[in-house]
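# here is my input, please return the structure:
(3 chains)
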Amino acid sequence: MHSKITFPELYSCLRNRFGFLDWWPGDTPDEIIIGAILTQNASWKNVEKAISNLKDAGCLSLSSIKKINTKMLEAYIRPSGFFRQKSRRLKIFANYVLSNYDSLDVMFMKPVSALRSELLCLHGIGRETADSIILYAAEKPVFVIDAYTKRITCRIYDNKKEPEYDELQRIISSGIKRNLGLYQDFHAQFVELGKNYCRTEPLCSKCPVRKYCLFGARSDKSK
DNA sequence: ACCCAGGTGGCCC
DNA sequence: GGGCCACATGGG
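Residues are numbered from 1 along each chain as shown, chains lettered A, B, ... in the order given. Below is the predicted model:
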């Protein structure tokens, strides 16, 4: 019986397999935030279409989101799904930031814990979205947990049930170095592995990830 | 004709 | 705290 792989070892395996992923497409903090909201339970392919529509309309910033007519906004982001909810969430976010701060940068200067709680108070911003915004837009090291991360770690470590968000976040954070680039890329690696779950080869002898990845999301739910 | 996707909030017990 | 459900589109 081999010992369980550590998180640094797992990262090393993934990094070796997929390479550095230079993740979260988006050139500006505004675009990253918009993408983070649009990608909630949606495929990135669909989000790309929505973002492309917004870009063509010159509406890829919080200030333009604030100004634009809601029906127009809904039409642009329609491909990303849940477009009524998401247009509302975008509006709420843009209105909040622009009426409380001179700029995003000012808001991002707050201590991370305060920033996180503040983001979580906004309707439509949950833990993953808040942490994604902090990690990729504010560029501060908060580890993002998503469905893939839960599913994969659950299988690697033979947990009976999937861990709680904050719990898993603590465990991973305490197992790796507190480093922005590592946090960003490790999260990206989890997603990359998750996307390839049914066709990936075992990563290494300590981490026969293929075995854990033969089951799709569906079988998680039925358990 | 299903199943799934880089979640979140609301409601119930 | 856990268990459902609605939310909507596009691709496999």
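# what residue in chain A comes nearest to DNA strand C?
Closest residue of chain A to DNA strand C, CB to the nearest atom of the strand: A:G81 (2.5 Å). All C-beta spots, glycine's among them, are computed from the backbone N, C-alpha and C.
# surely that residue touches A:N46?
Yes - with contact defined as CB atoms under 8 Å, A:G81 counts as touching A:N46 (6.2 Å).
# follow-up on the earlier one: in space, what's closest to the residue of chain A closest to DNA strand C - neighbours in sequence excluded?
A:A42 (4.8 Å; CB to CB, 6 or more residues apart in numbering).
# and what of A:L60?
A:L54 (4.8 Å).
# now do A:L14
Closest to A:L14 by CB to CB, 6+ apart is A:Q189, at 3.8 Å.
# how close does that neighbour get to A:R15?
Distance, A:Q189 to A:R15, by CB to CB, to the nearest Å: 6 Å.
# now do the shared contacts for the two.
Counting by CB atoms under 8 Å, 6 or more residues apart in numbering, no residue touches both A:Q189 and A:R15.
# higher neighbour count, the two?
A:Q189 (24 against 16; other CB atoms under 10 Å).
# wait, that one touches A:G19, no?
No - assessed by CB under 8 Å, A:Q189 is found out of contact with A:G19, at 9.5 Å.
# which ones are touching the residue nearest to A:G81?
A:A42 sits next to A:S80, A:G81, A:F82 when contact means CB under 8 Å, 6+ apart.
# quick check, the residue nearest to A:L60 in contact with A:I77.
Yes - here A:L54 lies in contact with A:I77, judged by CB under 8 Å, at a distance of 7.0 Å.
# which one's more surrounded, these two?
Counted by other CB under 10 Å, A:L54 and A:I77 do not tie: A:I77 has more neighbours, with 28 against 23.
# identify the residue spatially nearest to the more buried one, adjacent ones excluded.
Using CB to CB, 6+ apart and skipping residues adjacent in sequence, the residue nearest A:I77 is A:A50, 4.2 Å away.
# where does the one you found land in three-state SS?
Three-state call for A:A50 (DSSP: H, G, I helix; E, B strand; the rest coil): helix.
# now it: how far from DNA strand B?
Using CB to the nearest atom of the strand, to the nearest Å, one gets 12 Å for the distance from A:A50 to DNA strand B.
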